[in-house]
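**Q** Got a sequence here, can you build the structure:
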Amino acid sequence: MEVVATTAGVRAIADTAYQGGGPAIRLPQRRRRLDPGTGRYRRLSQAQKEVNTAHARQRGPGERVNAELKTWRVLRRIRSCPG
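**A** Sure thing, here's the model as predicted:
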């Protein structure tokens, strides 16, 4: 699927669960690795936080639509042939 999306020029916005999905999938910045000295996660830079904010703004409307569609009872009763 990732090869098809890349060759077709389709870009997708996803959450961090799709790490390693290829260049066609845009992901937010993850937390940095543990600091060996303190044992805590290193903080994201201000630029990385801004990237994550812009990413969330793009993903937000789609997430809200999916949540709304899950509540529609008519979509639970659809019985049709996929062909």
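**Q** For the rest of this, base every contact and every neighbour count on C-alpha atoms.
**A** Will do.
**Q** got a list of contacts for the lengthiest helix in the chain?
**A** Using DSSP state H to assign secondary structure, the helix with the most residues in the chain is helix 46-70. The set of residues that contact helix 46-70 without belonging to it, under CA atoms under 8 Å, 6 or more residues apart in numbering, is 13-14, 27-29, 75.
**Q** okay, these in CSV with distance to residue 63 next?
**A** Rendered in CSV, the data for the contacts of helix 46-70 read as follows (distance: CA to CA, whole Å):
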residue, distance to residue 63
13, 11
14, 10
27, 15
28, 15
29, 19
75, 17
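**Q** Whichever of those residues end up buried, select them in ChimeraX.
**A** The ChimeraX command for the buried members of the contacts of helix 46-70 (criterion: 16 or more other CA atoms under 10 Å) is given here:
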select :13,14,27,28
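**Q** Retrieve the pLDDT associated with the residue of the chain positioned farthest from its centre.
**A** Taking CA atoms, centre = their mean, the residue of the chain most remote from its mean C-alpha position is residue 37, at 31.5 Å. Residue 37 carries a pLDDT value of 81.
**Q** what does the one 10 residues further on give?
**A** At residue 47, the model reports a pLDDT of 89.
**Q** Next: residue 12.
**A** Listed pLDDT for residue 12 reads 77.
**Q** what does residue 41 give?
**A** With respect to pLDDT, residue 41 has a value of 82.
**Q** ok, now which ones touch it?
**A** By CA under 8 Å, 6+ apart, the contact list for residue 41 reads 31-35.
**Q** quick one, phi psi at the closest residue to it other than its chain neighbours?
**A** Spatial nearest neighbour of residue 41, excluding adjacent residues (CA to CA, 6 or more residues apart in numbering): residue 34 at 4.4 Å. Here the main-chain torsion angles of residue 34 (degrees, to the nearest 10) amount to phi -60, psi 140.
**Q** Tell me if I'm right that residue 34 and residue 43 touch.
**A** No. Using CA atoms under 8 Å, residue 34 is not in contact with residue 43, being 9.7 Å away.
**Q** Could you tell me how many residues sit around the nearest residue to residue 28 once chain neighbours are set aside?
**A** In space, residue 28 comes closest to residue 52 once its chain neighbours are excluded; the distance is 5.2 Å by CA to CA, 6+ apart. Neighbouring residues of residue 52 were enumerated by other CA atoms under 10 Å; the total is 17.
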